[in-house]
Each structure stands twice: as structure tokens, then as C-alpha cells.
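Asker: Give me a 3D structure for the following:
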Amino acid sequence: MSKELTFAIKRIAFDEHYRPSDSSRITTNFANLARGERRQENLRNALRMIDNRFNALAHWDNPNADRYSVVLEIISVDIDVQGNGETFPTIEILKTNIIDRKTSRRIEGIVGNNFSSYVRDYDFSVLLSEHNKGKQDFSLPENYGDLHGKIFKSFLGSNAYKENFKKPPVICLSVSSSKTYYRTENQHPVLGVEYRNDEYSLTDEYFAKMGLRVRYFMPPGSVAPLAFYFAGDLLEDYSNLELVSTISTMETFQKIYRPEIYNANSAAGKIFRPSLNHTDYSLTQVQYDREERNQLALKQGKFTEERFIKPYKRILDQWADNYAV
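Answerer: Got it, this is the predicted structure:
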């Protein structure tokens, strides 16, 4: 067996011509938009929303609110467990880049943003579900999320990551609808008002095993805080424009996928309990089938079990036992 897992990175532009590859997770935010009869209109509308939000946040030296445009790349990560050239599609993330029309510069943004993982599909939709089937009290399987966390940390430490990206990733997700968030007095010019919660969500704990901490901020003009997962220092390691690229991209996705929270007609108060049952919200001009996405997550989790977890179980267990950060 290979002492180290080997990772290979592929890049594809996320634009109005994007079509998901056969190996792309079809529950991924961007893949969802690129399906169906309105695929190109969906993509065009989403990209316009991202640009408009970016210019609204990056308003300095930008009187016409049209100085910047965001260019997105889908980063697909394949893993080779045995070192024999056979790979499994493991992770998909997004890379932002910024076009400054005033200076004709292309500015590198942040890698991460959206996070998709076949192994996470397995953990949440198969392993966790089967573990709690028929039980009254919810609990986690032993060592839940450990393998996924070690795979992710191994990827961040790999030559493939270091050769392609200069900074650690920032992943930006929705806050949990099962937790309560409290506004603090801390405020950042781009990230906005910071919120905190008294108890981490299952997702927060899962990302902690990936080596990522979390902070919650509601950017200016937003109606709900976002969860930012990061490895270094969120406020010091990234420029304002880098942070704006992540906010504008991921808030757009959340407005489409969770309009009850992120496209609500009133902003979060000092105490905020997100709810997908909230009825006072607006819809975007982008079509999306959330129920279908939930069904596909289970399908992809079972695919991972059959093609990755079971065939490589002995090798993965041995690798995880010997893994050192």
C-alpha cells in the first residue's frame, strides 16, 4: 500500500456554458443550477447575482457599482488510494477570481467556498441514518467523521494543494436551523456583524475534524449570518476583496437554496433561530428542486459505500490508524 494518499486536481470553468461532468456530485450547488430546460438561464441569473452582490459590498472607488466581476472555477479532487492510477472523485470546491475592470487586473480570490464530498454524503446519508435507525435517542457512530477529516487534512498537506493554492481554504455554509445564534458587538467592515452560538452544530463538529474552525458573520446588507470555516485567521489572512468574493458567491447560492433564511424579507435580530419553515421570504429567478437534492444525497452516499468505503476499507482503516497531521 502507498504510505500517502495521492490527490489529483482538475479545474473547469463555472460559467453559463457549464455542464456537470459524469463524476461531479449532482447534489453540488453549482451542478444543480446546470440541469433542466432553464439551465443556461439559471446559470446566467446566478452569476449576475454574484457580480451585483460583489459590487454592492466592494463599493469603494466603485461609483457605478460595476467595477468588478467574479470568475469561478470548479476544483475537482480525485484520490488514488493504492497508488495504482485508479481514482475516486472525492471532493469538489470552488475557486474565486476577481476581474477589476478599472485596472484590467485579475485578482486571485479564495479557494473553498462551496464544499462537496462523496464521503460526507456517505457519513450523513448512510452511516448516520443506519446508526440511528429505530433508536429513540440520536447518537453518533464511533469515530464519526474521523476518516473524512483525515482525508481532507491530508489533501491540504499534499503537494497537489500546495502547488495550486497559496492560502488555506475558506468554506462558507448556511447556519444550522437547529441552533440559536446571538449577535455580538464585534463588527468587520466586510464580514459584518459577528454572531455566536452556545453549542456547535453537527456540521460544525464535522468540519472541526477537518481542521477547520468556525465563526458566524452577517455581512452588510445581508439578512442572516453565514458560517465561515477556516484553518488560519479569517480576519487577517485574507484581503477585503478575497472575502467579498466568497460572501457574494456563497450568499447567492444560499438565497437560491435556502430562501427562507437568506432571502427573508426581514433581517436576523439579536437572537436568531434560522428556520426553513419561515414564510416571509422572496424567491429568486433561479429554479431549484430541494427535495430532489435530498434524494440524490442518499443515492450518492450509497454509491460511495459501494465504490470507495467497502472496496478500500482495510487500506483506509490502516492508513487512518497511521495518519499523523
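
Asker: what's the burial count for F124?
Answerer: Per other CB atoms under 10 Å, the neighbour tally for F124 reads 20. Just so you know, the C-beta spots here come from the backbone N, C-alpha and C atoms, and that holds for glycine as well.

Asker: T203 - that's part of a helix, no?
Answerer: Yes: residue state for T203 (DSSP: H, G, I helix; E, B strand; the rest coil) corresponds to a helix.

Asker: list the contacts for it?
Answerer: L173, S176, A227 (CB atoms under 8 Å, 6 or more residues apart in numbering).

Asker: what's the helix or strand that contains L316 packed up against?
Answerer: Assigning secondary structure by DSSP states H and E places L316 in helix 313-322. Helices and strands touching helix 313-322, by 3 or more CB pairs under 8 Å, 6 or more residues apart in numbering; DSSP states H and E, are helix 146-156.

Asker: Just the C-alphas of the helix it packs on, formatted as CSV.
Answerer: Extracted in CSV, the C-alpha atoms of helix 146-156 (Å, rounded to 0.1, in the frame of the first residue of the first chain):
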residue,chain,number,x,y,z
ASP,A,146,-12.6,10.8,11.5
LEU,A,147,-11.8,9.2,8.1
HIS,A,148,-13.2,12.1,6.2
GLY,A,149,-11.4,14.6,8.4
LYS,A,150,-8.1,12.9,7.9
ILE,A,151,-8.6,12.7,4.1
PHE,A,152,-9.3,16.4,4.0
LYS,A,153,-6.3,17.3,6.1
SER,A,154,-4.1,15.0,4.0
PHE,A,155,-5.3,16.9,0.9
LEU,A,156,-4.4,20.3,2.4
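
Asker: how far does it sit from the chain's center?
Answerer: 16 Å (CA atoms, centre = their mean, to the nearest Å).

Asker: going forward can the numbers begin at 22, since that is how I track them
Answerer: Okay, using 22 as the starting number, the last item reads as helix 167-177.

Asker: quick one, it and helix 334-343 angle?
Answerer: 70 degrees (axes from the mean of the first three to the mean of the last three CA atoms, to 10 degrees).

Asker: pLDDT on helix 167-177, on average?
Answerer: For helix 167-177, the mean pLDDT works out to 96.

Asker: Number of residues surrounding E220?
Answerer: Neighbours of E220 using other CB under 10 Å come to 10.

Asker: Need phi/psi at it.
Answerer: Backbone torsions of E220, given as degrees, to the nearest 10, read phi -150, psi 130.

Asker: just the strands in the stretch 122-271 of the chain please.
Answerer: 126-138, 191-195, 202-209, 213-218, 234-239, 247-251 (DSSP state E, counting those that start in this stretch).

Asker: The longest one pairs with which strands, and in what direction?
Answerer: If I follow you right, that is strand 126-138. strand 109-121 (antiparallel), strand 191-195 (parallel) (DSSP bridges).

Asker: coming back round to it: can you give me the buried ones in the helix holding L337?
Answerer: Within helix 334-343, the residues scored as buried using 16 or more other CB atoms under 10 Å are L337, W340, A341.

Asker: so can I have JSON lines of those residues showing distance to V244 and pLDDT?
Answerer: Compiled in JSON lines, those are given as follows (distance: CB to CB, whole Å; pLDDT from 0 to 100):
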{"residue": "L337", "distance to V244": "42", "pLDDT": "93"}
{"residue": "W340", "distance to V244": "44", "pLDDT": "93"}
{"residue": "A341", "distance to V244": "41", "pLDDT": "92"}
